[in-house]
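Undergrad: give me a 3D structure for the following:
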Amino acid sequence: RLLTSPWLLAGLLAGPVPGSGQERAGQPADLEAQFREARSLALAGKYPEARLLLNRIVGQQPAHSDAVILTGRTYAWEGKFADARAQLQPVLAVDPANQDALNALIDTELWDGNPDQAIRHADAGLGYYPNSEDFLLKKAKALLAQQKDEAAAVELNRLLTVNPANQEALQLLQTLRNTALRNFAGLRHYLTLFDNGTRPWHLASAEYGRIIRRVTLIGRLNYARRPDESSSQQSGYQAEVDAYPILGKGTYAYLNAGYSEALRLFPETRFGAELFQKLPKGFEVSAGGRRLNFPDLRITLYTASLSKYYRDYLFVVRGYGSFQSGHFTPTVLFSVRKYFHGPDDFATLTVNNGTVPGVFILASSQQLQQLNSSRVALDFQKGLGKSVYLLGGAWYEYEEYFKTLYRNRYTLTLGVQKRF
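TA: A predicted model of the protein is given here:
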């Protein structure tokens, strides 16, 4: 999701917009001093304190629209979107061309997951200010939220005719071009270290994917190496296929199948299926399962998740559960992802606790029966230009691998992806 961070709006509040009347002739100087103080408090995240000052200003001068608009923004930054609208809409009822109020209301609708309303207000703003970079950019973001990529590209190109150096528009347009690329290939390596004398483990993967109409197909080959003097099978391969079909508006699925003859390192066969459904207000839910078949063990993992997009963040709560030896064994995972400059640049922090290892593509049947583990992980993806992306991460896991026996596990991962 491409949303606007409130801190990027600081420039809108740092000085008057021509025609906004932020410093009106004859306005008492002490009110302007109070407004500057309130603005500083708001930008520092002290919203209730800022509103106390702003309400005092409006009490003394009800026509001080900038104080009302800033009050609305503080509510929007707190996620109190109904309160934000209650402040901003009366300003526009009196002054429909108020550029600051329009900008604030568009942001409110974007953050509240209402792209239709955001577009309506952006169009109103463009009726008064046809070359406004803010309105063009925000309309493009709302169109992207509606998955109307071609219409968004039209608005971005229109913006770039006004200002060819607008960096955010250039980045969004490049993201759209990358989205139009229908092939990708990637390599990734995982190095796992232990503190109990276990020799390092390695996992490498190579994949190729292609978008075919409404389905994304990915073929992957995994190679694992686990030096262990007690076993003759220290390395082996696994082949996998993933599919992500779009089933309807806001509905898509994840399907997986895999096979391996390296039965100490991978399950002989594995299958997965999960259904995802987008909901209003930036929410998404999913439910599904994974089946891992080892020669001596059959494991079914049930999973469900709840996700929420909020501004430039994605929050996910996911649960796994399985029945082993007649007992239900749960695992809970929480992650937060921060997007930078679009959907292809991000960092993700993940914490989880339970019986499912953090990366069960590298889990043996013994590990999937471990008693407990806790994990914290930091992952990132960064565009390097020319449709090349760097992937990486650092993970720490504290696991009970035998009853009352614990060890620390450290994993480093690095990869690269090329789209074409």
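Undergrad: just the helices in the chain please.
TA: For the chain, the helices defined by DSSP state H cover 10-14, 29-43, 47-60, 65-77, 81-94, 99-111, 115-128, 133-145, 149-162, 167-180.
Undergrad: possible to save those helices as TSV with mean neighbour count?
TA: Heads up, the C-betas are built off the backbone N, CA and C, glycines and all. Output for those, formatted as TSV (neighbours: other Cβ atoms under 10 Å):
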stretch	mean neighbour count
helix 10-14	14
helix 29-43	16
helix 47-60	17
helix 65-77	25
helix 81-94	17
helix 99-111	26
helix 115-128	19
helix 133-145	24
helix 149-162	17
helix 167-180	17
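Undergrad: rank the ones you listed by pLDDT, which is bottom?
TA: When the helices of the chain are compared by mean pLDDT, helix 10-14 comes last with a mean of 39.
Undergrad: quick one on the thing from earlier: among the helices of the chain, which comes closest to residue 386?
TA: Nearest of these to residue 386, taken as Cβ to Cβ: helix 167-180 at 10.0 Å.
Undergrad: what angle sits between that closest one and helix 133-145?
TA: Calculated by axes from the mean of the first three to the mean of the last three Cα atoms, to 10 degrees, helix 167-180 forms an angle of 20 degrees with helix 133-145.
Undergrad: tell me what helix 167-180 is packed against?
TA: helix 133-145, helix 149-162 (3 or more Cβ pairs under 8 Å, 6 or more residues apart in numbering; DSSP states H and E).
Undergrad: so how far is it off the chain centroid?
TA: In terms of Cα atoms, centre = their mean, to the nearest Å, the centre of helix 167-180 is found 17 Å from the chain centre.
Undergrad: dump that helix to PDB, keeping only the CA atoms.
TA: In PDB, the C-alpha atoms belonging to helix 167-180 read as follows (Å, rounded to 0.1, in the frame of the first residue of the first chain):
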ATOM      1  CA  GLN A 167      11.000  12.500  -6.600                       C
ATOM      2  CA  GLU A 168       7.900  10.800  -5.100                       C
ATOM      3  CA  ALA A 169       6.100  10.900  -8.500                       C
ATOM      4  CA  LEU A 170       9.200   9.500 -10.200                       C
ATOM      5  CA  GLN A 171       9.500   6.700  -7.700                       C
ATOM      6  CA  LEU A 172       5.800   5.800  -7.900                       C
ATOM      7  CA  LEU A 173       6.000   5.800 -11.700                       C
ATOM      8  CA  GLN A 174       9.000   3.500 -11.600                       C
ATOM      9  CA  THR A 175       7.200   1.200  -9.200                       C
ATOM     10  CA  LEU A 176       4.300   1.000 -11.700                       C
ATOM     11  CA  ARG A 177       6.700   0.100 -14.500                       C
ATOM     12  CA  ASN A 178       8.300  -2.600 -12.300                       C
ATOM     13  CA  THR A 179       4.800  -3.900 -11.600                       C
ATOM     14  CA  ALA A 180       4.300  -4.300 -15.400                       C
END
